[in-house]
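**Q** sequence and computational prediction follow.
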Number of protein chains: 2
Amino acid sequence: MKLLLIYAHPEPRSLNGSLRDFAIAHLKTAGHEVKVSDLYDMGWKAPIDANDAPGYDNEKPFNPAIESQRVFAAGTQPADIEEEQAKLLWADAVIFQFPLWWFSMPAILKGWVERVYAYGFAYGVGEHSESHWGDRYGEGSMAGKRAMLVVSMGGWESHYSGRGVNGALDDLLFPIQHGVLFYPGFTVMPPFPIYKTGKMDAARFEQLCKAYGARLDNLFDDKPVQFRRQNAGDYEIPALTLKPHLAPGRHDLGIHLCEDMAPEG
Amino acid sequence: MKLLLIYAHPEPRSLNGSLRDFAIAHLKTAGHEVKVSDLYDMGWKAPIDANDAPGYDNEKPFNPAIESQRVFAAGTQPADIEEEQAKLLWADAVIFQFPLWWFSMPAILKGWVERVYAYGFAYGVGEHSESHWGDRYGEGSMAGKRAMLVVSMGGWESHYSGRGVNGALDDLLFPIQHGVLFYPGFTVMPPFPIYKTGKMDAARFEQLCKAYGARLDNLFDDKPVQFRRQNAGDYEIPALTLKPHLAPGRHDLGIHLCEDMAPEG
């Protein structure tokens, strides 16, 4: 299969750098093709601005969405954006590996999302009607591809647990897993979290690689996160609220997961 | 009072630009002192890297936290970082105004957080003991200051409601409101959201300014978001999990809010 690793850490001689190297070697040994976007190494331009819209007429206010749509449709996007889009289209699965900084992805990776996720490519795709509100949340350009977050944290697992002070990891990652991955159609795999990165020794690193390797080996077989598809009947359209009989009375982020089906028969 | 506006939008001739200008004029008319950090206009460097750590010895792996601690303590931080820290220390309240891009803040603002929030300034502050796990989540360098998010979105209010497909706005903003604002000690005010930005006319803009102006007028009187303080007895230390008798059995992000006190007597 074809694997793309989007990697955001400034130091190759780090835990993240070692895990990146491990993953690449492991995937290649398993017979996969691997491409890597090492954002710091590439000097990725983070902020989206008018320079991303060749031919922009600055007599008009710069609207990032409208300009993104224009240059995507015209095929006049900057080369770095086009190359990343081509890698995404090439891949069967995409791994996003990054340290959790201030409870989200690093700025350089956020800027990758903002610039690569063009209007017409990752959003503004598909028709809007009374039963279909665009190809998004389960449909879209990334449909059929898998995606997984590999996230490192200094904090302890309990700090990110369901009752941990930082907020539950799944909830902290919801804007990314649901809003960045599921939105353009990715099948989202459960994240691979690495806690207490300050307390790493050779034995723990070996154990970590074993667990990470197993996740990579089963990437196409493991059960994905069961986010509800927007256009499959669970949400009112166009209000886009979950229908009242589903997870009744609840308002937590967990309502956007399908309930487990009771076994039949 | 002293107000700092951290502003992240690439186009001054935009809804966000107009709201920025409105807020500055409104605050000055009310007699406040105002400083502005217009990140795009400043050409803010987004990614944190070794250039942010003058004197870094590149024989050693670059560790952003350790290097940030070193240059903060030594007073050798880059000037742009020091200036933003000085503005934060100067301010009585800080407004963060930005468009919600991919369900989070723009990359340029995320990079402001990563670079300005130095170790020793915004984290790694205070003692760690059996009853106190650092000055954070309700304590810290920003204690006594108020902060408010002003966030614009193309989507509808229902899409961001408690059962909306995007996730409830308060939950999407939790990593920012709790993780970026409450963490270093800010008193967090409820956000000021602006929905359906594509459907803005003069009448709606006037209405919006009226509502925003009222929020600014009451910034120091309105009731803050009642996040639980980490070291005030609600969390086990060092596991940092919410004690079992509080919000029993629940795992949603709402558990980190104090329950409303029943009126006494």
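**A** Received, thanks.
**Q** going forward, measure contacts and count neighbours with C-alpha atoms only.
**A** Noted.
**Q** up against chain B, what does the stretch 1-150 of chain A have?
**A** A:10-14, A:46-50, A:61-63, A:101-104, A:106-111, A:113-114 (CA under 8 Å from any CA of the partner chain).
**Q** what segments of chain A are helices?
**A** Listed in chain order, the helices of chain A (DSSP state H) span residues A:15-29, A:39-42, A:64-74, A:79-90, A:107-116, A:169-172, A:174-176, A:202-217.
**Q** winner for burial among those?
**A** helix A:107-116 (a mean of 24; mean count of other CA atoms under 10 Å in any protein chain shown).
**Q** give me the helices and strands touching that one, please.
**A** In terms of contacts (3 or more CA pairs under 8 Å, 6 or more residues apart in numbering or on different chains; DSSP states H and E), helix A:107-116 is packed against helix A:39-42, helix A:79-90, helix B:107-116.
**Q** redo that, cut-off 6 Å
**A** The contact analysis (3 or more CA pairs under 6 Å, 6 or more residues apart in numbering or on different chains; DSSP states H and E) places helix A:107-116 against helix B:107-116.
**Q** quick one: contacts of the helix it packs on?
**A** Helix B:107-116 is contacted from outside by A:P47, A:A107, A:K110, A:G111, B:A46, B:P47, B:I48, B:I81, using CA atoms under 6 Å, 6 or more residues apart in numbering or on different chains.
**Q** again with stretch A:235-243
**A** Outside of stretch A:235-243, the residues within contact range by CA under 6 Å, 6+ apart are A:D234, B:S158, B:H159, B:R163, B:G164, B:V165.
**Q** got these as TSV, with pLDDT and neighbour count columns?
**A** Converted to TSV, the contacts of stretch A:235-243 look like this (pLDDT from 0 to 100; neighbours: other CA atoms under 10 Å in any protein chain shown):
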residue	pLDDT	neighbour count
A:D234	97	19
B:S158	98	19
B:H159	98	21
B:R163	98	26
B:G164	98	24
B:V165	98	26
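**Q** re the thing from before, just the buried ones from the residues of the stretch 1-150 of chain A next to chain B?
**A** A:10-12, A:46-50, A:62-63, A:101-104, A:106-111, A:113-114 (16 or more other CA atoms under 10 Å in any protein chain shown).
**Q** for A:K87, see how far away A:E33 is.
**A** Distance, A:E33 to A:K87, by CA to CA, to the nearest Å: 12 Å.
**Q** likewise for A:F96?
**A** Distance from A:F96 to A:K87, counting by CA to CA: 13 Å.
**Q** so who does the closest residue to A:G155 other than its chain neighbours touch?
**A** Among residues not flanking A:G155 along the chain, A:K196 sits closest, at 5.1 Å (CA to CA, 6 or more residues apart in numbering or on different chains). Contact analysis of A:K196 by CA under 6 Å, 6+ apart lists A:G154, A:G155, A:W156.
**Q** what's the burial count for A:L181?
**A** When counting by other CA atoms under 10 Å in any protein chain shown, one arrives at 24 neighbours for A:L181.
**Q** can you tell me how far it is from chain B?
**A** 10 Å (CA to the nearest CA, to the nearest Å).
**Q** A:L172 now?
**A** 6 Å.
**Q** not counting sequence-adjacent ones, nearest residue to that residue?
**A** Going by CA to CA, 6+ apart, A:L172 has B:P175 as its nearest residue, at 6.1 Å.
**Q** what pLDDT does the model give the one you found?
**A** pLDDT recorded at B:P175 is 98.
**Q** and what of A:K199?
**A** Reported pLDDT for A:K199: 89.
**Q** same question, the one 5 residues further on
**A** pLDDT, A:R204: 97.
**Q** go on, A:A262?
**A** 45.
**Q** can you tell me the distance between the two ends of stretch A:120-137?
**A** First-to-last residue span, stretch A:120-137, CA to CA: 15 Å.
**Q** and the contacts of it?
**A** Defining contact as CA under 6 Å, 6+ apart, one finds that stretch A:120-137 is touched by A:Q69, A:F182, A:Y183, A:P184, A:G185, A:R229, A:Q230, A:N231.
**Q** what's the neighbour count on the closest residue to the first one other than its chain neighbours?
**A** Distances taken as CA to CA, 6+ apart place A:Y119 nearest to A:Q69, at 4.7 Å, with adjacent residues excluded. By the other CA under 10 Å criterion, the neighbourhood of A:Y119 contains 20 residues.
**Q** one more: A:F96?
**A** By other CA under 10 Å, 18 other residues sit near A:F96.
**Q** what residue ranges in the stretch 1-150 of chain A score low on pLDDT?
**A** Nowhere does the stretch 1-150 of chain A drop to pLDDT under 70.
**Q** for A:P193, what are its contacts?
**A** Residues near A:P193 by CA under 6 Å, 6+ apart: A:V150, A:V151, A:S152.
**Q** oh sorry, the question was meant for A:Y160
**A** A:N166, A:G167, A:A168, A:L169 are the contacts of A:Y160 under CA under 6 Å, 6+ apart.
**Q** and these as a markdown table, adding pLDDT and distance to A:P54?
**A** Compiled in a markdown table, the contacts of A:Y160 are given as follows (pLDDT from 0 to 100; distance: CA to CA, whole Å):
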| residue | pLDDT | distance to A:P54 |
| --- | --- | --- |
| A:N166 | 98 | 42 |
| A:G167 | 98 | 41 |
| A:A168 | 98 | 42 |
| A:L169 | 98 | 39 |
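**Q** if we can go back for a sec, quick one: buried ones out of the contacts of A:K196?
**A** Burial by neighbour count, 16+ other CA under 10 Å: within these this picks out A:W156.
**Q** which of the contacts of A:P193 lies closest to chain B?
**A** Among the contacts of A:P193, A:S152 lies closest to chain B (CA to the nearest CA), at 13.6 Å.
**Q** if we can go back for a sec, out of the contacts of helix B:107-116, which comes closest to A:T29?
**A** A:K110 (30.5 Å; CA to CA).
**Q** thinking again about what came up before, distance of the residue nearest to A:Q69 relative to A:G185?
**A** A:Y119 sits 14 Å away from A:G185, going by CA to CA.
**Q** again, but for A:A8
**A** Distance from A:A8 to A:G185, counting by CA to CA: 22 Å.
**Q** list the residues that contact the closest residue in space to A:Y195 that isn't next to it in sequence.
**A** The shortest distance from A:Y195 to any non-neighbouring residue, by CA to CA, 6+ apart, is to A:M153 (4.9 Å). When contacts are counted by CA under 6 Å, 6+ apart, A:M153 touches A:L100, A:Y195, A:T197.
**Q** one more pass at 8 Å, please.
**A** A:M153 is in contact with A:P99, A:L100, A:W101, A:P193, A:I194, A:Y195, A:K196, A:T197, counting by CA atoms under 8 Å, 6 or more residues apart in numbering or on different chains.
**Q** surely A:S37 touches A:L3?
**A** No. With contact defined as CA atoms under 8 Å, A:S37 and A:L3 do not form a contacting pair (11.1 Å).
**Q** higher neighbour count, these two?
**A** In terms of neighbours (other CA under 10 Å), A:L3 is the more surrounded of A:S37 and A:L3; the figures are 24 against 17.
**Q** who's the more buried one bridged to?
**A** A:V34, A:A93 (DSSP bridges).
**Q** my read: it touches A:E33, true?
**A** Yes. With contact defined as CA under 8 Å, A:L3 counts as touching A:E33 (6.1 Å).
**Q** any shared contact partners between those two?
**A** Joint contacts of A:L3 and A:E33 (CA under 8 Å, 6+ apart) are A:L27.
**Q** apart from its chain neighbours, what residue comes closest to the residue of the stretch 51-200 of chain A found nearest chain B?
**A** Nearest to chain B, among the residues of the stretch 51-200 of chain A, is A:G164, at 4.2 Å (CA to the nearest CA). Take A:G164 and drop its neighbours on the chain: the residue closest to it by CA to CA, 6+ apart is B:T241, 4.2 Å away.
**Q** flag every residue of the stretch 151-265 of chain A that's near chain B.
**A** So the stretch 151-265 of chain A meets chain B at A:156, A:158-159, A:161-168, A:171-172, A:174-176, A:179-180, A:230, A:235, A:239-242, A:250-253, A:255-256 (CA under 8 Å from any CA).
**Q** next step: those restricted to strands.
**A** Residues of these located in strands (DSSP state E): none.
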